[in-house]
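Q: Build me a structure from this.
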Amino acid sequence: MKKISIVVPCFNEEENVGPMSQAIVELFKNELKDYDYELIFIDNDSQDRTRELLRAICGNNDRIKAIFNAKNFGQFKSPYYGLLQATGDCAILVACDFQDPVELIPTFVKEWENGYKIVSGIKTSSKESKIMYWLRSLYYKMIKKLSDVEQIEHFTGFGLYDRKFLEVLKGLDDPTPFLRGIVAELGFKRKDIEYQQPQRRAGKTSNNFYRLYDGAMLSITSYTKVGLRLATLFGFVCSVISVLIAIVYLVMKLMYWDRFTAGMAPMLIGVFLLGSIQMFFIGLLGEYILTINSRVMKRPLVVEEERINFEKETSGTSEK
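A: From the prediction side, this is the model:
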């Protein structure tokens, strides 16, 4: 019997961990009866009752497991680490807030059985803020054009990953993994399944401007060279323009010595313009250096505080 691992990252999801575990258990009871399963919750240092509820859930079902991180390791490391802990023939990454439709899991499994090593969920629309969806669309189109690797639009990581691909992830040894880019760059034969993203079932999203910015910069610094090359080209163009303007001013001054008074305004405008351009590209260069620094330090993806039910043999057990 094939085994499917369901990996559910969570952070302050006390209202959703119970319904999510019930939904997955019912799914395997009714629609995926021919498969064994494990459900892995990886908690990123929740500050509410999430861990307390997970302990109770794991106590009632040996197939449900939990990993408690020692601290919050970010929105990319924790889910990636959870996938690496999966022991099934494939693993499915699902958000705990139900914005990744659980009912698509049988479709993912069917396509997996048809031979696809990766089955990815692609958002075609969303019930979230229309402005946010539009901004995300712009971002995906921009990164797709700038990247050397073909990026997958509106792919959040929700999908199925075959054991062979999970072994590839284990071998990467990347301390700052960006799963969406890795799937696009190193993924096997892939099937895209379109869906409309629903609203959160309950609770408040932990995403904010900083988290969104962090994700955007990680993808740009990991999969594009355009930032550094743009700095070089823009610097060259500005230098040429500055030299031309200097020559024009010199000629005008020589031709109209008494009448041509340039004053300080052009000089100040030029200084502030070039200074702002330099500050922008120094910041962009810093983002690249920060990414390089994170990879060079080789820090662990996650430090665990506790894990539950991983020591138990679950092949012949189910709910108590």
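Q: Please name the nearest non-neighbouring residue to V17.
A: Take V17 and drop its neighbours on the chain: the residue closest to it by CB to CB, 6 or more residues apart in numbering is L53, 5.3 Å away. To be clear about C-beta, it is placed using only N, CA and C from the backbone, and glycine gets the same treatment.
Q: quick one: contacts of the host helix or strand of the one you found?
A: Here L53 sits within helix 50-60, counting by DSSP states H and E. Contact with helix 50-60 is made by 10-14, 17-18, 21, 41, 43, 64-66, 68, 308-309, 319-320, as judged by CB atoms under 8 Å, 6 or more residues apart in numbering.
Q: now the stretch 51-200 of the chain, which segments are flagged as low pLDDT?
A: 128-130, 132-133, 143-149 (pLDDT under 70).
Q: make it 90
A: Along the stretch 51-200 of the chain, segments meeting pLDDT under 90 span 72-77, 97-99, 123-157, 171-189, 196-200.
Q: for it, what spans make up the helices?
A: In the stretch 51-200 of the chain, the helices defined using DSSP state H, counting those that start in this stretch lie at 77-84, 105-113, 130-146, 163-172, 179-186.
Q: out of those, nearest to L301?
A: Smallest distance to L301 across these (CB to CB): 4.5 Å, for helix 77-84.
Q: Now do the buried residues in that closest one.
A: K77, S78, P79, Y80, Y81, G82, L83, L84 (16 or more other CB atoms under 10 Å).
Q: Among the contacts of helix 50-60, name the ones in helices.
A: V17, G18, S21 (DSSP state H).
Q: got these as JSON lines, with neighbour count, pLDDT and distance to L169 columns?
A: Listed next are these as JSON lines, based on neighbours: other CB atoms under 10 Å; pLDDT from 0 to 100; distance: CB to CB, whole Å:
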{"residue": "V17", "neighbour count": "25", "pLDDT": "94", "distance to L169": "25"}
{"residue": "G18", "neighbour count": "14", "pLDDT": "93", "distance to L169": "29"}
{"residue": "S21", "neighbour count": "23", "pLDDT": "95", "distance to L169": "25"}
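Q: quick one: pLDDT of the residue of the chain most remote from its centre?
A: Distance from the C-alpha centroid of the chain, by CA atoms, centre = their mean, peaks at D258 (62.7 Å). We have a pLDDT of 70 for D258.
Q: residue contacts, it?
A: With contacts defined as CB under 8 Å, 6+ apart, D258 is in contact with no residue.
Q: That one and I67: what is the separation?
A: D258 sits 80 Å away from I67, going by CB to CB, to the nearest Å.
Q: One more: K2?
A: Counting by CB to CB, the gap from K2 to I67 is 23 Å.
Q: More neighbours: which of those two?
A: More crowded of K2 and I67, by other CB atoms under 10 Å: I67, with 23 against 15.
Q: Leaving out sequence neighbours, find the closest residue to that one.
A: I42 (4.5 Å).
Q: what about the residue nearest to G115 when sequence neighbours are not counted, neighbour count?
A: The spatial neighbour of G115 that comes closest, neighbours along the chain excluded (CB to CB, 6+ apart), is K189 at 7.1 Å. Neighbour count for K189, taken as other CB under 10 Å: 9.
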